[in-house]
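Peer 1: Predicted model follows, preceded by the sequence.
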Amino acid sequence: MKKWIALIIVLLIIVGWTSIDTYRSANQYRTQQGEEAIQIAKEKEPDLEVNNISFYNGNQSYAILYGEVDGESQIHCVPTNGKGEIIVVDPTKGISADEAVQLLTEERNPLSIKSVNLGIEQDVPIWEIIYLDQKNRYSYYYVTFKDGEFIKRYTL
């Protein structure tokens with residue numbers, strides 16, 4: 001009986017250690033991507049002060065850097081694979097995340113909003129809204145950042 005208890009404890013330690021190591025590796029990779037994106041953006045715009053970073057994974061992956069240049073808000077979308085141009089978005093030249101959600105709500109009547117992310121598709125800034133639909137399915141809704149024009153939606 002003591003052997004079984006010892007075996008179970010050893011297995012739990014191994015599973016816990018593996019889980020923590022996997023989480024740490026994934027988090028370290030994201031941190032590294034963010035740091036590289038900041039370096040690339042600062043080469044183009046040395047005065048950029050980054051306040052927040054998010055990531056978008058569509059046809060191409062981007063690090064989305066929210067920050068300021070000379071007191072003006074700017075968003076720098078940096079391709080994480082190093083291919084393509086940095087896209088600079090002026091937050092005052094498009095709809096807000098709340099306005100994008102309002103457009104979705106008027107058209108689809110979601111049960112709940114899971115996330116709203118800025119992204120880039122074919123060099124066009126977009127809002128990606130992930131939500132639960134009326135049948136409790138995860139759904140994705142995409143509108144343009146510039147004016148909220150509907151692009152596409154799909155459900156899992």
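Peer 2: Received it, and whenever you're ready, just let me know what you need. The model shown is predicted, which means the values in this text are computed figures rather than measured ones. Numbers count the residues shown, from 1 in each chain.
Peer 1: which residues of the protein fall in helices?
Peer 2: Taking DSSP state H as the test, the helices found in the chain are 2-44, 97-108.
Peer 1: out of these, which comes closest to Lys135?
Peer 2: Proximity to Lys135 (CB to CB) singles out helix 97-108 among the helices of the chain, at 11.4 Å. All C-beta atoms are positioned from the backbone trio N, CA, C, and that covers glycine.
Peer 1: Buried residues in that closest one, which are they?
Peer 2: For helix 97-108, a neighbour-count test (16 or more other CB atoms under 10 Å) marks 97, 100-101, 103-104 as buried.
Peer 1: And the residues you listed, which is closest to Asp123?
Peer 2: Using CB to CB, the buried residues of helix 97-108 come closest to Asp123 at Ala100, 18.9 Å.
Peer 1: From Thr155, how far off is the closest one?
Peer 2: Remark: distance between Ala100 and Thr155 (CB to CB, to the nearest Å) = 18 Å.
Peer 1: Now the residue nearest the centre of the chain. Nearest residue, chain neighbours left out?
Peer 2: By CA atoms, centre = their mean, the chain has its centre lying nearest to Phe55, at 3.3 Å. Nearest non-adjacent residue to Phe55, counting by CB to CB, 6 or more residues apart in numbering: Ala63, 5.8 Å away.
Peer 1: Surely the one you found touches Gln32?
Peer 2: No. Judged on CB atoms under 8 Å, Ala63 makes no contact with Gln32 at a distance of 10.6 Å.
Peer 1: out of those two, which sits in the more crowded spot?
Peer 2: Ranked by neighbour count (other CB atoms under 10 Å), Ala63 and Gln32 place Ala63 first, with 24 against 10.
Peer 1: For the more buried one, which residues are in contact?
Peer 2: The contact partners of Ala63, by CB atoms under 8 Å, 6 or more residues apart in numbering, come to 33-34, 36-37, 53-55, 77-78, 80.
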